[in-house]
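K.L.:
What follows is a predicted protein model with its sequence.
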Amino acid sequence: MPDKLFLKKGEALSDARVRERCGRRAGILCIVLNTLLAAAKIVAGALTGAVSVLADGMNNLTDCGSNVVSVIGFKMSGKPADKEHPFGHQRAESVAATLIAVIILAVAVELAVQSVQKILAAEAGEYSLLAVIVLGASVLVKLFMFAFNRALAVRLHSDALRATAADSLSDTVATAVVLAALLVSRYTGVDLDGWAGVAVAAFIAYTGISVLRETVSRLLGKAPDPETVASIRERVCGFAGVHGLHDLAVHSYGESRLYATVHVEVDARMALTDAHDLADRIEKDFAEHTNIALTVHIDPLVLNDPRVDRLRGETERIAAEIDPAFRVHDFRVVGGQTHSNLVFEVAIPFDCKMSPAAVRQELADRIALTGENVDVVATVERQDVT
């Protein structure tokens, strides 16, 4: 694995400092390779007048800038938490990836402009064996950089390295297109230099937009992956005394550290000190065995009360009739002199067409039809109900 090149014996990638060093050294390696490629292509392009070769060299030169941004991002992400940033600085990697995407898009625009100008000028470039050799070598180097950065991105869970890998792949395709255009022009006499540049620009732009979409989504607070949610549920529900959980929220400030909150349901007859001890044990278990800082809120659940069980079952049945995805939790029956209040929360999916107010009213209307002398006090919220 590529990370083994930068790891010392006994070190683990879960260590923020080790992770930062691996990412930084990978960036430096890419800077060296891109600088060499850029120099070779710019010289070959200038000698032959092939705008696509020259533009491809400029693309590699801007890649150096992207790699510098990546190195700075890893350096910043490795800084410990401080007063201004109590959750650390690991989101700096996503910021770096966003800047890389912007650079990619800027290169695409510049390349498109130069290529269109070449098409309009109708000036054929001079075929050169040097350009063919340089471009062929570049394809091989870029394929290596793509595989290297992709593998390291998977190991480090790094947005910046994913962006660098995507950029390397787009460079591979772009250079291959330029190389193919030179060979076709050489043996058919049809000048495809400018058109090849346009095709390369379009592909580079697509790559930049894809990277930008993913990194901005993470910065805005992308939902956690289903595997993470499932693992949290399984681990929490594995503790004796836990009857269920809800309102699970996961916040990412970097792949090596997640923060989560969850409401854990326990028997209402459990002693307060026992419930508190259960919450402490769950939080300690996550702190010692996972990269998740979990905060547990205890919710008492009335069990083995025939009337409460019946009303809860009726409410859950009615909610499922409206939409099978609805989830009822925090159910309580609060008695009064003239009637009882059914106090509960309903989680509805984000894509539910009904508004929370409409769901609340529909629940109240249907529960009223059961003939129970109750009022409905429901809180409806859009949540991840998977």
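P.N.:
Happy to help now that I have it.
K.L.:
okay, now the domains of this protein?
P.N.:
According to automatic domain parsing, the chain comprises the domains 2-220, 231-298, 302-386.
K.L.:
and among those domains, the most buried is which?
P.N.:
The highest mean neighbour count among the domains of the chain, using mean count of other C-beta atoms under 10 Å, belongs to domain 2-220: a mean of 19. All C-beta spots, glycine's among them, are computed from the backbone N, C-alpha and C.
K.L.:
In contact with the nearest residue to Gly27 once chain neighbours are set aside: list those residues for me.
P.N.:
Leaving aside its chain neighbours, Gly27 sits nearest to Val71 (3.7 Å; criterion: C-beta to C-beta, 6 or more residues apart in numbering). By C-beta atoms under 8 Å, 6 or more residues apart in numbering, the contact set of Val71 is 23-24, 27-28, 31.
K.L.:
separation between Val71 and Ala46?
P.N.:
29 Å (C-beta to C-beta, to the nearest Å).
K.L.:
now do Phe350
P.N.:
Distance of Phe350 to Ala46, computed by C-beta to C-beta: 54 Å.
K.L.:
What helices and strands are in contact with the helix or strand hosting Ala97?
P.N.:
Assigning secondary structure by DSSP states H and E places Ala97 in helix 92-121. For helix 92-121, the packing partners by 3 or more C-beta pairs under 8 Å, 6 or more residues apart in numbering; DSSP states H and E come out as helix 51-77, helix 159-188, helix 193-220.
K.L.:
Now the weakest link among the ones you listed, please, by mean pLDDT.
P.N.:
Of all those, helix 51-77 carries the lowest average pLDDT, namely a mean of 73.
K.L.:
Which members of the contacts of Val71 occur in helices, if any?
P.N.:
Judged by DSSP state H, those include 23-24, 27-28, 31 as members of helices.
K.L.:
Take these and write them to a markdown table, including distance to Asp309 and pLDDT.
P.N.:
Converted to a markdown table, the ones in helices among the contacts of Val71 look like this (distance: C-beta to C-beta, whole Å; pLDDT from 0 to 100):
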| residue | distance to Asp309 | pLDDT |
| --- | --- | --- |
| Gly23 | 54 | 78 |
| Arg24 | 59 | 80 |
| Gly27 | 60 | 84 |
| Ile28 | 64 | 86 |
| Ile31 | 66 | 88 |
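K.L.:
State the distance from Ala230 to Ser217.
P.N.:
The gap separating Ala230 from Ser217 is 21 Å, by C-beta to C-beta.
K.L.:
do the same with Cys30
P.N.:
To Ser217, Cys30 is 24 Å away according to C-beta to C-beta.
K.L.:
how big is the angle separating the helix or strand bottoming out on mean pLDDT in the chain from helix 193-220?
P.N.:
Ranking every helix and strand in the chain by mean pLDDT, DSSP states H and E puts helix 51-77 at the bottom, with a mean of 73. Counting by axes from the mean of the first three to the mean of the last three C-alpha atoms, to 10 degrees, helix 51-77 lies at 20 degrees to helix 193-220.
K.L.:
so how far is helix 51-77 from its chain's centroid?
P.N.:
22 Å (C-alpha atoms, centre = their mean, to the nearest Å).
K.L.:
same deal with stretch 187-196?
P.N.:
Chain-centre distance of stretch 187-196: 40 Å, with C-alpha atoms, centre = their mean.
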